[in-house]
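Chemist: need a structure here:
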Amino acid sequence: MPDHSVALSPAGFGKIFLHCFKYPSRAVTGFVIGKTVDEVLYVDDVLPMFHTYTQLVPVVEVGLEHAREWAKAKGMEVIGFYSAPASNVDRSAPSKFTESVMKLITSTYTGRSLVIQVLNQNIKLGFTEIPYKFYSGDDLKNGRTAESGICKIQYHSGGALYNIGDAQAPFERVREAVKDGMARELVDFESHLEDLTCDWTAETLAKYLTQNVAPLE
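Modeler: A predicted model of the protein is given here:
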């Protein structure tokens with residue numbers, strides 16, 4: 001498979017971080033929402049899913065169906081999965097469970113897919129680089145867990161792509177969100193099942209993360 005780029009939106013970048021920040025000692029998981037355009041995987045949003053039932057396939061299957069319906073209504077698709085191990089677990093490569101979830105995702109989605117693996121040790125307010133690793137879904141399917149197939153990580157905002165190398169715009173917005181207590185406002189699908197009035201898609205949070213994020217120079 002040819003190399004391709006990943007383009008993160010402010011919402012996609014920030015919601016993963018806040019989900020992990022809210023549950024610092026737990027594993028958390030969620031679905032990656034987006035599309036592929038001209039060899040670029042656009043991560044337009046993510047849907048935070050679980051913080052307790054992170055290893056139960058039947059529960060994930062239910063969540064996946066809800067995520068697919070939401071994404072379809074937005075003109076997008078579930079293109080991948082993000083996973084953060086519990087804070088005391090050092091895991092930088094996708095787990096066997098993550099590989100199983102990707103098989104579920106790609107059973108109906110045939111485009112390029114993505115796994116975002118969170119580096120929990122980097123989930124802290126003073127972070128200065130992207131605390132995630134990116135893996136091609138095709139590589140996982142073929143038994144390869146190296147970060148092959150991903151040649152560049154970019155940032156997209158307002159329809160334009162920017163180099164995320166030393167990007168401080170999305171980083172600073174996430175720091176502001178943490179300081180403003182927005183992690184407490186994030187509700188994942190698991191919490192939604194306990195209180196159906198809670199918005200598990202975190203659309204309000206996505207708008208917050210997108211506001212006032214200046215393009216990168």
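Chemist: List the contacts of residue 187.
Modeler: 48, 198, 199, 200, 202 (Cβ atoms under 8 Å, 6 or more residues apart in numbering). All C-beta atoms are positioned from the backbone trio N, CA, C, and that covers glycine.
Chemist: For residue 99, what are phi and psi?
Modeler: phi -60, psi -40 (degrees, to the nearest 10).
Chemist: What are the contacting residues of the longest helix anywhere in the chain?
Modeler: Using DSSP state H, we find that the single longest helix of the chain is helix 57-73. Applying Cβ under 8 Å, 6+ apart, the contact partners of helix 57-73 are 29, 31, 33, 47, 49-50, 53, 77-78, 97, 100-101, 104-105, 108, 189, 201.
Chemist: Let me see the backbone angles for residue 37.
Modeler: Residue 37 adopts backbone torsions of phi -140, psi 120, taken as degrees, to the nearest 10.
Chemist: which residues of the chain score low on pLDDT?
Modeler: Across the chain, the ranges flagged by pLDDT under 70 are 1-4, 87-92, 139, 141-153, 155, 157-170, 212-217.
Chemist: That one: helices as residue ranges?
Modeler: Going by DSSP H, the chain shows helices at 10-22, 57-73, 96-105, 137-141, 169-179, 182-185, 189-194, 203-210.
Chemist: Of the contacts of residue 187, which count as buried by neighbour count?
Modeler: Buried subset of the contacts of residue 187 (neighbour count, 16 or more other Cβ atoms under 10 Å): 48, 198, 200, 202.
Chemist: between the residues you listed, which is nearest residue 132?
Modeler: Checking those against residue 132 with Cβ to Cβ, the nearest one is residue 48 at 14.4 Å.
Chemist: Burial check on the closest residue to the closest one other than its chain neighbours, number of neighbours?
Modeler: Nearest residue to residue 48 in three dimensions, chain neighbours excluded: residue 188, at 3.9 Å (Cβ to Cβ, 6 or more residues apart in numbering). Residue 188 has 25 neighbouring residues, counting by other Cβ atoms under 10 Å.
Chemist: what sits against residue 188?
Modeler: Residues counted as contacts of residue 188 (Cβ under 8 Å, 6+ apart) are 19, 28, 30, 48, 49, 50, 51, 200.
Chemist: returning to that earlier point: just the buried ones among the contacts of residue 187: which are in strands?
Modeler: Using DSSP state E, the members of those that fall in strands are residue 48.
Chemist: now, the most widely separated pair of the buried ones among the contacts of residue 187?
Modeler: The span of the buried ones among the contacts of residue 187, defined through Cβ to Cβ, is set by 48 and 198 at 11.4 Å.
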